[in-house]
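# could you work out the structure for the sequence below:
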Amino acid sequence: MKSSINISYILVTALAVLLTFIVHEFAHYVTGELLGYSMKMTLNSVTLKEGTYNSDWHSYLVTAAGPIITIVLAFVFFYVIRKTGKVSWYPFLFFAFVFRLMAMVISIFNPNDEARLSYVLGLGYWMLPLLVTFTLLFLVIKTSKEQGYGLKFNLINYLLATVFVTGVVCLDQYVLK
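Numbering: from 1, shown residues only. Just a heads-up that it's a prediction; the model follows:
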């Protein structure tokens with residue numbers, strides 16, 4: 001196995017989690033702003049500062065922007081890892097998967113980006129979340145096999161991601177609001 005967990009890797013994982021949240025939410029924010037709306041962004045949400053969208057399509061575009069950038073970046077990191085073989089890029093790919101997996105699970109209680117889009121496209125709540133999650137899982141599995149990342153390494157990555165997600169969500173809800 002070409003992977004090891006050390007303090008440097010843990011810090012890269014924390015950075016990957018934080019940057020993934022920021023880039024995902026920033027995509028929502030920029031899309032809304034480009035459509036002419038005044039938006040408010042936190043680490044874990046983007047909302048209109050006031051009013052409502054002028055059209056349902058504007059709402060759908062803003063909703064789609066976050067998952068699209070997350071998926072695109074996952075593919076970028078998948079190819080970067082293939083080219084370089086550097087384990088330090090893996091948290092960025094792995095967390096994209098965990099991020100969308102967690103969004104899918106949360107959709108059981110409150111439909112998240114992909115679930116809302118899936119529903120308005122007439123696909124039910126679960127088609128897009130499942131498609132996105134399984135696509136990202138495929139990239140994680142393929143990378144793990146190619147790079148020799150074992151189950152233990154991936155479970156540690158999941159644990160780290162979960163700890164850092166909890167930190168970001170708590171920071172967003174209790175410190176930065």
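
# hey, where'd the helices end up in this structure?
Ranges of helices in the chain, per DSSP state H, are 7-34, 56-84, 90-106, 113-120, 127-147, 151-170.

# can you put the ones you listed in JSON lines and add mean pLDDT?
Listed next are the helices of the chain as JSON lines, based on pLDDT from 0 to 100:
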{"stretch": "helix 7-34", "mean pLDDT": "97"}
{"stretch": "helix 56-84", "mean pLDDT": "98"}
{"stretch": "helix 90-106", "mean pLDDT": "97"}
{"stretch": "helix 113-120", "mean pLDDT": "97"}
{"stretch": "helix 127-147", "mean pLDDT": "98"}
{"stretch": "helix 151-170", "mean pLDDT": "96"}
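
# mean neighbour count, those helices: which tops it?
Across the helices of the chain, averaging neighbours per residue (mean count of other Cβ atoms under 10 Å) puts helix 90-106 on top, at a mean of 23. Heads up, the C-betas are built off the backbone N, CA and C, glycines and all.

# that older thread, need the helices of the chain in JSON lines (columns: distance to Leu48).
JSON lines is the format used below for the helices of the chain (distance: least, Cβ to Cβ, whole Å):
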{"stretch": "helix 7-34", "distance to Leu48": "7"}
{"stretch": "helix 56-84", "distance to Leu48": "9"}
{"stretch": "helix 90-106", "distance to Leu48": "20"}
{"stretch": "helix 113-120", "distance to Leu48": "15"}
{"stretch": "helix 127-147", "distance to Leu48": "23"}
{"stretch": "helix 151-170", "distance to Leu48": "21"}
